[in-house]
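>>> Provided below are the primary sequence and the corresponding predicted coordinates.
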Amino acid sequence: MLKMIIDCDPGQDDAVNLLMAMASRDVFDILGITTVAGNVPLALTQRNCRMICDLAGCFNIGVYAGCDRPILRDLVSAEIVHGQTGIDGITVFEPKTPLQSRHGVDFIVETLLAAEDDSITLVPTGPLTNIAMAMARAPAIIGKIHQIVMMGGAMREGGNFSPSAEFNILVDPEAAHIVLGCGRPVVMAGLDVSHKLLASPDRLAAIAAMSGAVPEAVYHMLNFFNRFDTEKYGTEGAPLHDPCTIAWLLQPALFQRKLCNVSVETASPLTLGHTAVDFWHVTDKPKSVHWLYDVDVEGFFDLLTRKIAFFATRDGCHG
Ligand code: BDR
Ligand code: CA
């Protein structure tokens, strides 16, 4: 079993990623889920995460609220993409899944300190504030990390929230600088792959055809999510960013990757949050990032559809 902590800011695409993980508890030991301010403020990301746990019937995973703002900067949020709730498309309800009293950063620090070296996979799909704060608070956790499988950054695709920067990195570039420099292996799924994974109507039709609360919720969330991005990009569907992380963990052969150095711009007002991917190894900076640069699109949607179908045939998730 792969032991993991998911750190997220749901967000419709974070929500789908969480559901894919919860459908895979035969291979994933989800130690807890931490939430961060990002797409919407923390009070909403933690509530949204607990709603997804309820929908999936996963009542035995702890949800922890972490940092409510980036390390040095004011929060930039993305209601324009995700709607005022962060997961517009479904009706908000008060979840039964409780919010744990421990701070998310404390949960990460204490869980990692108690673990064996090189044993825990971190899966961040929002700004990296919680992970960076945990590393700054207790550097001894770094050796406990097996790998960090994250969504963030861009090379060939440019930026989606500024001309140069992808949203998760732009919101907290200092946090990204700390995490990418930690020395542990990082798998980075950025816009170069996620922009190929469009939730087009024909792909969503397969989910619409399934019965059950989860497929229904996924269909309606992604329908909403499509609204802004189809207009912005002139495409048939919005890119499914965050599900790249769980897809990579389940089926790495779906992706092409290259070991590179990735550095983050933290000073320039023009290119703040830009990820400089040394794809052609033109520097001798240390290479610790597996940069994902291509993806088998149909294979990805086959996997996604199978994982959502898990909930069409069962009442809740394993465990
Ligand atoms: C990332 O930003 C957020 O809006 C999405 O949830 C995803 O994590 C894509 O740039
Ligand atoms: Ca996200």
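Received it, and whenever you're ready, just let me know what you need. Ligands and ions are numbered 1, 2, ... in the order given.
>>> for the longest helix anywhere in the chain, the averaged confidence score.
The longest helix of the chain (DSSP state H) is helix 213-233. In this model, helix 213-233 has a mean pLDDT of 92.
>>> which strands or helices does it pack on?
helix 12-22, helix 42-56, helix 79-82, helix 201-208, helix 297-313 (3 or more Cβ pairs under 8 Å, 6 or more residues apart in numbering; DSSP states H and E). Yep, even glycine has a C-beta here, placed from its N, CA and C like the rest.
>>> out of those helices, which gets nearest to Asp29?
Relative to Asp29, the nearest member of the helices and strands packed on helix 213-233 by Cβ to Cβ is helix 12-22, separated by 10.6 Å.
>>> list the buried residues in the closest one.
For helix 12-22, burial by neighbour count (16 or more other Cβ atoms under 10 Å) applies to 12-22.
>>> filter those by proximity to ligand 2?
Among the buried residues of helix 12-22, the ones lying near ligand 2 by Cβ under 5 Å from the ion are Asp14.
>>> shouldn't Ser211 be in contact with Ala312?
Yes - with contact defined as Cβ atoms under 8 Å, Ser211 counts as touching Ala312 (5.7 Å).
>>> that older thread, what residues sit buried inside the longest helix of the chain?
So, applying 16+ other Cβ under 10 Å, buried residues of helix 213-233: 214-226, 229-230.
>>> which of those lies closest to Ser77?
Phe225 (15.4 Å).
>>> my guess is the closest one contacts Pro239, does it?
No - at 9.3 Å, Phe225 does not count as touching Pro239 under the criterion of Cβ under 8 Å.
>>> show me where the chain has its helices.
12-22, 42-56, 79-82, 104-113, 129-137, 167-171, 173-180, 191-194, 201-208, 213-233, 243-250, 297-313.
>>> for Arg102, give its distance to ligand 2.
Arg102 sits 22 Å away from ligand 2, taking Cβ to the ion, to the nearest Å as the criterion.
>>> give me the neighbour count for that residue.
When counting by other Cβ atoms under 10 Å, one arrives at 17 neighbours for Arg102.
>>> what's the closest non-adjacent residue to it?
What sits nearest to Arg102 in space, not counting adjacent residues and going by Cβ to Cβ, 6 or more residues apart in numbering, is Tyr64, at 5.8 Å.
>>> next, the contact list for the one you found, please.
32-35, 46, 99-100, 102-104, 106-107 (Cβ atoms under 8 Å, 6 or more residues apart in numbering).
>>> so which of these would you say is closest to Leu259?
Nearest to Leu259 among these is Thr34, at 27.4 Å by Cβ to Cβ.
>>> neighbours around the residue nearest to Met1 when sequence neighbours are not counted, how many?
Residue nearest to Met1 in three dimensions, not counting chain neighbours: Asp29, with 4.2 Å by Cβ to Cβ, 6+ apart. Asp29 has 12 neighbouring residues, counting by other Cβ under 10 Å.
>>> was I right to think Asp29 contacts Lys3?
Yes - counting by Cβ under 8 Å, Lys3 is a contact partner of Asp29 at 4.7 Å.
>>> point out where this protein drops to low pLDDT.
By pLDDT under 70, the weakly predicted segments of the chain are 315-316, 318-319.
>>> same thing but 90
Scanning the chain for pLDDT under 90 picks out the ranges 226-236, 313-319.
>>> interface residues of it facing ligand 2?
9, 11, 14, 125-126, 242.
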